[in-house]
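Colleague: Model the structure of this input:
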Amino acid sequence: AVAVAFVAGGGKETTVIAGGQPAQAAGGQTTDGDSDAQSGRGSDAPVSVPLADITGEASFYTAQVDGGEVSFFVVRGSDGDVRSAFNACQVCFQEKLGYRQESDVMVCNNCGRTFPVDQVGVEHGGCNPIPLEATVNGDSFTFAGDALASGAALFK
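Modeller: You can find the predicted model right below:
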């Protein structure tokens with residue numbers, strides 16, 4: 001099954017809709033149905049983020065995929081393009097520290113290297129954020145469930 005949690009700047013976390021039904025929030029409470037991402041049921045179910053919600057400030061998400069967590073982020077570049085990546089790199093992923101945004105760069109929380117937001121999803125390898133494939137589907141930015149599952153090993 002796929003479930004998604006949204007973490008905005010400042011550490012605020014919102015549990016979002018999974019399979020069109022209110023997801024369980026921490027402590028077993030049910031959300032009111034307002035969400036920033038939606039998914040269907042099953043590990044191959046797509047996860048969508050409304051394009052209108054994607055800004056120049058990176059938004060971080062955690063998806064439950066087949067019993068494991070997969071972390072990723074989306075951000076709009078200065079050119080207006082939406083960029084997405086796993087919250088991990090090939091070099092530092094074992095530390096499970098991910099990235100943070102400082103102005104127009106993403107910063108590796110392990111080694112401190114910086115990567116321009118406009119290069120997220122373009123540059124590959126090393127400590128660059130690992131690109132996460134997504135498509136524009138109407139007014140949503142959609143991740144295929146198998147694309148999310150492809151990053152599961154990074155977060156074990």
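
Colleague: list the contacts for residue 125?
Modeller: residue 90 (Cβ atoms under 8 Å, 6 or more residues apart in numbering). Placement of C-beta: from N, CA and C, glycine included.

Colleague: What segments of this structure are helices?
Modeller: 145-149 (DSSP state H).

Colleague: what about residue 153, how many neighbours?
Modeller: 11 (other Cβ atoms under 10 Å).

Colleague: Sorry, wrong one. I was asking about residue 59.
Modeller: 21.

Colleague: wait, it sits on residue 49?
Modeller: Yes. Using Cβ atoms under 8 Å, residue 59 is in contact with residue 49, at 7.4 Å.

Colleague: beta partners for the closest residue to residue 46 other than its chain neighbours?
Modeller: The shortest distance from residue 46 to any non-neighbouring residue, by Cβ to Cβ, 6 or more residues apart in numbering, is to residue 142 (5.1 Å). According to DSSP bridges, the partner residues bridging residue 142 are residue 48, residue 135.

Colleague: separation between residue 142 and residue 132?
Modeller: From residue 142 across to residue 132, the span is 11 Å (Cβ to Cβ, to the nearest Å).
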